[in-house]
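Pasting a predicted model and its sequence here:
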Amino acid sequence: MQLRMTRDPLLGGIGFLGLAGMLLWFKLPYLTHGIREQGVVVDVEKRMARKGNTYYPVLAFYAGGRPVTFKSDIGSGSNPYRIGAVVPVLYLPDQAEQATLDTFSDLWLLPLLCGGAGLLGLLAALLGSIRPRAPSQRELYRQALYGWKPDRDVLPT
């Protein structure tokens with residue numbers, strides 16, 4: 001068997017893994033130096049999309065005694081947040097306006113999806129690259145002469 005990597009799934013897999021790494025790199029400061037605080041949903045911004053509406057919660061919280069308001073980067077097809085709901089917030093001390101929700105979907109969902117797609121692309125490239133070797137002239141001759149195809153492991157080369 002010879003191994004030849006197919007190019008399209010390989011490049012796609014590498015691209016998705018790179019994207020997952022980049023997304024994790026941008027979230028790393030929040031995970032290592034972020035301050036956890038409780039925020040309150042003060043509004044829900046609705047945006048029209050092709051397949052319906054997307055809802056983005058707008059949150060307010062206190063960072064170092066001063067009020068901060070921000071809109072989440074992650075929207076949802078349904079509105080999971082009610083105005084007045086208390087939700088966990090994660091922010092950097094010097095960039096409180098760039099806060100994020102301290103939830104699985106805001107921190108981990110996109111990197112995990114991209115990483116999973118990247119691993120599937122690499123697996124597809126690997127599985128698509130394993131091809132049986134072409135039969136030798138000797139095997140073709142024996143097959144034509146005797147009308148049977150012997151097992152490759154038993155043939156002397």
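All right, it came through fine.

what sits against the residue lying closest to residue 52 once chain neighbours are set aside?
Of all residues not flanking residue 52 in the chain, residue 77 sits nearest, at 5.9 Å (C-beta to C-beta, 6 or more residues apart in numbering). All C-beta atoms are positioned from the backbone trio N, CA, C, and that covers glycine. Residue 77 makes contact with 51-55, according to C-beta atoms under 8 Å, 6 or more residues apart in numbering.

Also residue 119?
Residue 119 neighbours (C-beta under 8 Å, 6+ apart): 13, 17.

Swap in 7 Å and give it another go.
Contacts of residue 119 were listed using C-beta atoms under 7 Å, 6 or more residues apart in numbering, and they are residue 13.

Show the average pLDDT along the host helix or strand of residue 121.
Element membership for residue 121, per DSSP states H and E: helix 110-129. Across helix 110-129, the average pLDDT comes to 90.

ok, and for that helix, which residues are buried?
110-111, 114-115, 117-118, 121-122, 124-125, 129 (16 or more other C-beta atoms under 10 Å).

same deal with stretch 69-85?
Using 16+ other C-beta under 10 Å as the burial criterion, the residues of stretch 69-85 that qualify are 70, 72, 75, 79, 81.

Now those in TSV, please, with extra columns for secondary structure and pLDDT.
Output for the buried residues of stretch 69-85, formatted as TSV (DSSP: H, G, I helix; E, B strand; the rest coil; pLDDT from 0 to 100):
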residue	secondary structure	pLDDT
70	strand	93
72	coil	89
75	coil	83
79	coil	80
81	coil	85
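
Which pair of those spans the longest distance?
In those, two members sit farther apart than any others by C-beta to C-beta. They are 70 and 79, at 17.6 Å.

just the buried residues of stretch 69-85 now: which is nearest residue 12?
Within these, proximity to residue 12 (C-beta to C-beta) peaks at residue 75, which comes in at 25.7 Å.

burial measure for residue 100, as a count.
The number of residues packed near residue 100 is 20, by other C-beta atoms under 10 Å.

beta partners for it?
Beta-bridge pairing for residue 100 (DSSP bridges): residue 90.

Quick check: chain neighbours aside, which residue is closest to residue 76?
Nearest residue to residue 76, sequence neighbours excluded (C-beta to C-beta, 6+ apart): residue 55, at 5.5 Å.

What residues sit buried inside stretch 37-47?
For stretch 37-47, burial by neighbour count (16+ other C-beta under 10 Å) applies to 37, 39-41, 44.
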